[in-house]
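Participant: Structure of the sequence below:
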Amino acid sequence: MKKISLPEGKKIYFASDNHLGAPTKEKSFPREQNFVRWLDEVKKDAAAIFLLGDLFDFWFEYKTVIPKGFTRTLGKLAEITDAGIPVYYFVGNHDLWMNGYFEEELNIPVYHQPQEFSFNSTTFLIGHGDGLGPGDKGYKRMKKVFTNPVAKWFFRWLHPDLGVRLAQYLSVKNKLISGDDDVTFLGEDNEWLVQYCKRKLETKHTDHFVFGHRHLPMEIDLKDNSKYTNLGDWIIHYTYAVFDGNEMELEKYTLPE
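Facilitator: Residues are numbered from 1 along each chain as shown. Below is the predicted model of the structure:
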């Protein structure tokens, strides 16, 4: 478990599911501008920033090439880490193929599985959320293919112009690949991330479970003062979470007029 000291007046920020580049880079550009404004605002009192995946609608790192675009986002993240504010990234189902660029160029650690953190004495389990809990078997099978080293090796041999274009098309069109479910609340008994958290609590207490992926802002009280938070998205909801050392709250970013 990684422990982070939260000084008085500082906060931990969480955001997820920007899907920059979808449905096109031109149409997602205003959302990118809003997200960069948010980063600029929260850096003023951030002890750390957690990005929980699907920042991009597609991201694949070739040996010497990354997808074109997103300069403002990447530049702002570099500015934040250069200022000494740690940023942590959890890959989502649309950006599974990170392989060192964020670590080497932006000084941002990247996690492929949920991780435990402790902020002062408060415990968190943090991740993107895809493929966790019961159900979603079709996506879980597909994820095994996508993360297979042989499959990644073959894809890397495609010319980036062809590979990126193909992957972007599939990312938008294919629900099995994207893992995106209907973004309506299914009830606690059918929300598989809620079930995942409850199963975790059977063996170990965690104060807060924080995930993305569902594109639906949620705050659900579990047993023994434990809480599940889903961050929503930056497509429709523009929601994020803040932990101030005592309380964990979902908030909505006010878009500029």
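Participant: got any ranges where the stretch 51-200 of the chain has weak pLDDT?
Facilitator: Within the stretch 51-200 of the chain, the ranges that satisfy pLDDT under 70 run 135-182.
Participant: Counting neighbours, which bits of stretch 16-36 end up buried?
Facilitator: By 16 or more other Cβ atoms under 10 Å, the buried positions in stretch 16-36 come out as 16-22, 25, 28, 31-32, 34-36. Using the backbone N, CA and C atoms, a C-beta is placed for each residue, glycine as well.
Participant: Greatest separation within these: which pair is it?
Facilitator: 16 and 25 (19.9 Å; Cβ to Cβ).
Participant: one step back: can you convert the buried residues of stretch 16-36 into a markdown table and add a column each for secondary structure, pLDDT and distance to residue 189?
Facilitator: Output for these, formatted as a markdown table (DSSP: H, G, I helix; E, B strand; the rest coil; pLDDT from 0 to 100; distance: Cβ to Cβ, whole Å):
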| residue | secondary structure | pLDDT | distance to residue 189 |
| --- | --- | --- | --- |
| 16 | coil | 97 | 24 |
| 17 | coil | 94 | 24 |
| 18 | coil | 94 | 30 |
| 19 | coil | 92 | 28 |
| 20 | strand | 92 | 34 |
| 21 | coil | 88 | 35 |
| 22 | coil | 85 | 31 |
| 25 | helix | 84 | 39 |
| 28 | helix | 91 | 35 |
| 31 | helix | 95 | 33 |
| 32 | helix | 96 | 37 |
| 34 | helix | 97 | 35 |
| 35 | helix | 98 | 34 |
| 36 | helix | 98 | 39 |
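Participant: Generate CSV for these, with distance to residue 198 as supplementary columns.
Facilitator: Shown next, in CSV, are the buried residues of stretch 16-36 (distance: Cβ to Cβ, whole Å):
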residue, distance to residue 198
16, 21
17, 23
18, 28
19, 28
20, 33
21, 35
22, 32
25, 39
28, 35
31, 33
32, 36
34, 34
35, 32
36, 37
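Participant: Of these, which is the nearest to residue 206?
Facilitator: Using Cβ to Cβ, those come closest to residue 206 at residue 16, 18.3 Å.
Participant: gap between the closest one and residue 61?
Facilitator: 20 Å (Cβ to Cβ, to the nearest Å).
Participant: And the strands in the stretch 151-257 of the chain?
Facilitator: All strands of the stretch 151-257 of the chain, identified by DSSP state E, counting those that start in this stretch, fall at 208-211, 217-221, 227-231, 239-243, 248-252.
Participant: Now those in CSV, please, with extra columns for distance to residue 50.
Facilitator: What follows is these, written out as CSV (distance: least, Cβ to Cβ, whole Å):
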stretch, distance to residue 50
strand 208-211, 8
strand 217-221, 16
strand 227-231, 9
strand 239-243, 9
strand 248-252, 12
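Participant: and of those, who's closest to residue 9?
Facilitator: Closest approach to residue 9 among the strands of the stretch 151-257 of the chain (Cβ to Cβ): strand 239-243, 12.8 Å.
Participant: Taking strand 217-221 as reference, get the angle to the closest one.
Facilitator: 40 degrees (axes from the mean of the first three to the mean of the last three Cα atoms, to 10 degrees).
Participant: Start the count at 869 instead of 1 going forward.
Facilitator: Sounds good: first residue 869 from here, last item strand 1107-1111.
Participant: Now tell me what touches strand 1107-1111 from outside.
Facilitator: 874, 879-883, 906, 987, 990, 992, 1076, 1078, 1085, 1097, 1099-1101, 1116-1121 (Cβ atoms under 8 Å, 6 or more residues apart in numbering).
Participant: In PyMOL, how would I select the buried members of those?
Facilitator: Of these, the buried ones can be selected in PyMOL as follows, counting by 16+ other Cβ under 10 Å:
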select buried, resi 874+879+880+881+882+883+906+987+990+992+1076+1078+1085+1097+1099+1100+1101+1116+1118+1121
